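K.L.:
next comes the sequence, and after it the predicted model I'd like to discuss.
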There are 2 protein chains.
Amino acid sequence: MRMRTRLGIATTLAMAVAVAAGCDRNAPGDAATPGAPTQADAAAAARPAEAPVGIAGVPGTAQTAEAADPAEAAAAAGADDALRTTAAAMFGTIPEVVEELRGQPLSADQVELGRMLFFDPRLSSSQLITCNTCHSIGTGGADNVPASIGHGWQRGPRNSPTVFNAVFNAAQFWDGRAADLAEQAKGPVQASVEMNSTPERVVETLESIPQYVERFGTAFPGQANPVSFDNMAFALEAFETTLVTPDSRFDRWVLGDDAALDATERKGLELFVSSGCASCHNGRNFGGQTYFPFGVIERPGADILPEGDKGRFEVTATASDEYVFRAAPLRNVELTAPYFHSGQVWDLEQAVAIMGTAQLGRELDTDESSAIAAFLRTLTGRQPSVEYPILPPSTARTPRPVR
Amino acid sequence: MRMRTRLGIATTLAMAVAVAAGCDRNAPGDAATPGAPTQADAAAAARPAEAPVGIAGVPGTAQTAEAADPAEAAAAAGADDALRTTAAAMFGTIPEVVEELRGQPLSADQVELGRMLFFDPRLSSSQLITCNTCHSIGTGGADNVPASIGHGWQRGPRNSPTVFNAVFNAAQFWDGRAADLAEQAKGPVQASVEMNSTPERVVETLESIPQYVERFGTAFPGQANPVSFDNMAFALEAFETTLVTPDSRFDRWVLGDDAALDATERKGLELFVSSGCASCHNGRNFGGQTYFPFGVIERPGADILPEGDKGRFEVTATASDEYVFRAAPLRNVELTAPYFHSGQVWDLEQAVAIMGTAQLGRELDTDESSAIAAFLRTLTGRQPSVEYPILPPSTARTPRPVR
C-alpha cells in the first residue's frame, strides 16, 4: 500500500491536542485499547495537504499569526514563545512521578515486588534472562542490539522497545498487541525465543520461595491466591510505571528555561513539527499513541522493512494493517539505537532522513536531519535511579534451570 | 591420589591464625600470590591426626581447658565464650568497608567507573553479557546455574564463584590462576565461551565513547593512555572491592551478640571446627585462602568431580595438583547454589555430607550435616546496595555487536 500524501499540520495539531489531553490525565494506559486506533485511523490522519505548513500557520498559535515568513518569525523572540506553546500542546512533559495506575494509587508494595521480579532470572527457564536483559535500566530501557537475543541464543524478530515512559504509550509492543504493561509482561516470559517459561513454571518457582509468597501476599492483600502469573505481571507493571524520565532539556525548555535548547535544537523542533514528524510522533512520549504504515510515502528497503514482518497485520489480520507499526516513542531516543522495528539503522541522523523519505515524501537535507536529530537528543530525561534488588534464594522445591 | 588422613585441629588453628593475621591487614590481595600455596602446602596441612579434637582441646582457647568432655563444655555458658574466641581467631569478620587496595586508598573515581563497567554489556562482543550476568548483585554475586552460559549459549566449564568478598581471597578462580580481581577480570572478557571479546575491541569500544574517555582520565590521572584494558580491570577490581557483606549473624555473634546464633547454629559451628571443615575453610571468607585436592579421603563420583577438569594442575602442570582446587569461600553460601566447581549439588546439607565423606573421611549424620548447614546459613551478610549505573551511549565509532 502506498499513500502519496503529505501529512497536514492542521490534522497534526488536532491529533496532538487530543493526545495531550489524554496524557494529562496522568492515568496511563486507559486512553486507548490495543484494538482501537488502526490503519483506518492512520489513513484518516494522513489526509493530503498542499505543502508543509510553517509554525506560523498552526492554528491556535496566535502569537505568530502575524508573521508571514516563518524564518523571520523564528528570528523574533516571540517565535520561541509560539514554538513553546505549540510544543506544550502537541507533546507535553514527563511528570516527576506517576502516582496512579488504572485509577488507583500506585502500590509501593507492588512496585517493590516488581523491582525484584524485573531483575529475577528465574522468570526465564534458563534462569539467565531477566526483563532487564532486554530492557536494561542502564541503557535507556532497551538493549542496543538489532533484535534481542533470548533462550538458546535465538534472536527475536524485532528490536526491543524501551520500557522507559512506556506507561504513557496507548498500547505496548511494536504492533500494539498488548493493552498495557501488565499484558506486555506476560509475552516475553512465555516466548520460546525470549525467556521460554510458562505461567505454571513461574508460579511454581515463586511459590517455592517463601519470601516471594510473603511479598505477593502483602502486595495483593485479601486475595485467596496472590502468587499468580497475573499478579507477577501487575507487579512488573507497577515497577515499570516508576521508570519515567522527567527533566529532559526539552521539558525544561517547555517549562520556561530558554537556555535549555540552543538555536539548532529549536530549529530541529520547529522542523519536527513543520515537516510532519509530529503527525505520528506526538503526545508526551513523542509517539506510542497510534499506528501508521511504515512507508506511508515510500517503502524502505527490505533490510529496514523486512517483508516477512507485516506488523499490526499479525494482530488484526486486516489487509490495510500490513506493515503498520506503532509510531515509536522518541523519548531518550539517543540512548536506544539501533532504530526501527528491524533495528537496522544505528545513526539517528540517518533514521531521521529515512523517515523523511518513507513517511513524509521529503528529502531532508543534512542540516535539517542534523537539526532534527539534535532536537531529539534533547528528549533524554533524567534516567531512573534503581537499586539492584537482592533476591531471595531458591529452595529444594524451586524448578531447576533448563539449558 | 588418596590421602587417608584426618585433619588435625592443631594444624587447623595454626593455619587459621596465620590467615587471620593476613586478613586483618585490610589490604586484600597482597597476602598471597597465585603461585604460592600449592598441593604441597595442602598435603602439609593435611597431616594425620589420631581423632577429631574437641574445641576444648584447641590450643589457645584457655577458657575451656578445664572442660574434659566437649559435650559438657558446650552445655556450659563458658563454652560459648571459648567457641567465640576460637571462631574469632580462625575466621574473623567482614569489615563494613575496605578502604585500601594494594596499599593505596580505594579511589572513588575508580569504583564509580568500575560500577559502570561491571554492568556494561559492551565489554562482551555480543553486547549482551555483563560481569553481572554471571556474578549478579541480586543473587549472592553468582548466577545460580551449574555453569554459566556465555557467548553463543555456550556453557563454561565451572560454576561461577561469587564476587562478594572475593577481595579477601588469596587468589581468584577455582584454580587460583589469577592473583587478584584485576587479573581475574581480564579472563571472562576474553574467554570465547564467556564474553568473547578482545583487549583491542574493549579499548576501541571505550575510546569511542566520550564519557568513558573522560571518566578513565579522571580515575587514572596523569597517565598518557588512561583508556586501557589494564585500567578497565583495575576499575572493575575497585568496584568489586566494595562488594563486601558485613554484619552476618555469625559476625554479630562473634562480636558479642549472643542471640545472633541459636543452639543448632552454634552446634554447627562447633562441628565445623571440630570435624575439620575449618582446616580448609578458614580466614574471614571461610575459604579462598589455599588449595586442596577434591577427594582428600575419597574422590566423589564423576558427576561431581568430572575427570576432564584437573583443577589447579592446569595452572601448575604439577602432577600433585591434579584435582586440586581452591577451598571455596563459604560466605553467603546459602545464596550461591549449586555447589562445587561442577555446580552439580543444589542442596547445602548434601554438599556438607559430600565434603564429610570426600575430605574428612567422616560420614556426618543428618543432625550433624543439618547443624553445619544451619551454621553456614548464618554467614549470609548484608548484601551490597548498588545503584544500577546509567551508561553512556555508543557512538558511530563504537564496534557493533556480533552475534
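P.N.:
Arrived safely.
K.L.:
show me what contacts the closest residue to chain B within chain A?
P.N.:
Residue of chain A nearest chain B, by Cβ to the nearest Cβ: A:W153 (3.8 Å). To be clear about C-beta, it is placed using only N, CA and C from the backbone, and glycine gets the same treatment. By Cβ atoms under 8 Å, 6 or more residues apart in numbering or on different chains, the contact list for A:W153 reads B:G152, B:W153, B:R403.
K.L.:
let's see that with 7 Å instead.
P.N.:
By Cβ atoms under 7 Å, 6 or more residues apart in numbering or on different chains, the contact set of A:W153 is B:G152, B:W153.
K.L.:
ditto for A:T264
P.N.:
So A:T264 contacts A:A371, A:A374 (Cβ under 7 Å, 6+ apart).
K.L.:
quick check: which element contains it?
P.N.:
Applying DSSP states H and E as the criterion places A:T264 in helix A:263-274.
K.L.:
next one: that helix to chain centre, how far?
P.N.:
Offset of helix A:263-274 from its chain centre (Cα atoms, centre = their mean, to the nearest Å): 21 Å.
K.L.:
do the one helix or strand A:E112 maps to and chain B meet?
P.N.:
Taking DSSP H and E as the criterion, A:E112 maps to helix A:108-118. No: for helix A:108-118 and chain B, the contact criterion (Cβ under 7 Å from any Cβ of the partner chain) is not met; the two come no nearer than 7.9 Å.
K.L.:
which helices and strands sit right next to that helix?
P.N.:
helix A:210-219, helix A:229-241 (3 or more Cβ pairs under 7 Å, 6 or more residues apart in numbering or on different chains; DSSP states H and E).
K.L.:
any idea how far A:L83 is from A:S274?
P.N.:
Distance from A:S274 to A:L83, counting by Cβ to Cβ, to the nearest Å: 10 Å.
K.L.:
looking at those two, which is more packed in?
P.N.:
Taking neighbours as other Cβ atoms under 10 Å in any protein chain shown, A:S274 and A:L83 compare with A:L83 leading, 25 against 20.
K.L.:
care to break chain A down by domain?
P.N.:
Chain A breaks down by automatic domain parsing into domains covering A:2-96+A:247-377, A:100-240.
K.L.:
where among the ones you listed is the average confidence lowest?
P.N.:
Mean pLDDT is lowest for domain A:2-96+A:247-377 among those, at a mean of 74.
K.L.:
any residues touching stretch A:101-121, and which ones?
P.N.:
Outside of stretch A:101-121, the residues within contact range by Cβ under 7 Å, 6+ apart are A:27, A:29-30, A:98-100, A:123, A:127-132, A:215-216, A:218-219, A:232, A:234-242, A:386, A:388-389, A:391, B:138.
K.L.:
is the closest residue in space to A:F286 that isn't next to it in sequence in a helix, a strand, or coil?
P.N.:
In space, and not counting its chain neighbours, A:F286 is closest to A:L330: 3.8 Å by Cβ to Cβ, 6 or more residues apart in numbering or on different chains. Using DSSP: H, G, I helix; E, B strand; the rest coil, the secondary structure recorded for A:L330 is coil.
K.L.:
what is the burial count for A:L330?
P.N.:
A:L330 has 23 nearby residues by other Cβ under 10 Å.
K.L.:
same check, this time on A:E100
P.N.:
14.
K.L.:
and if you look at A:N285?
P.N.:
The burial count for A:N285: 29, using other Cβ under 10 Å.
K.L.:
can I take it that it is in a helix?
P.N.:
No: counting by three-state DSSP, A:N285 is not part of a helix but coil.
K.L.:
contacting residues for it?
P.N.:
Per Cβ under 7 Å, 6+ apart, neighbours of A:N285: A:N165, A:F168, A:N169, A:P329, A:R331.
K.L.:
stretch A:367-386: end-to-end distance?
P.N.:
End-to-end distance for stretch A:367-386, by Cα to Cα, to the nearest Å: 38 Å.
K.L.:
repeat for stretch A:256-267
P.N.:
17 Å.
K.L.:
ditto for stretch A:342-357
P.N.:
Termini of stretch A:342-357 sit 17 Å apart (Cα to Cα).
K.L.:
what lies in contact with it?
P.N.:
Under the criterion Cβ under 7 Å, 6+ apart, residues A:145-147, A:159, A:275, A:277, A:298, A:300, A:303-306, A:333-334, A:337-340, A:362-364, A:369-370, A:372-373, A:376, B:396 lie in contact with stretch A:342-357.
K.L.:
which of those residues are buried? Put it as a PyMOL command.
P.N.:
Entered in PyMOL, the line below selects the buried ones among the contacts of stretch A:342-357, by 16 or more other Cβ atoms under 10 Å in any protein chain shown:
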select buried, chain A and resi 145+146+147+159+275+277+300+304+305+333+334+337+338+339+340+362+364+369+370+372+373+376
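K.L.:
helices - which of the contacts of stretch A:342-357 land there?
P.N.:
A:C277, A:S369, A:S370, A:I372, A:A373, A:L376 (DSSP state H).
K.L.:
any idea how far A:V386 is from the third one?
P.N.:
Distance from A:S370 to A:V386, counting by Cβ to Cβ: 33 Å.
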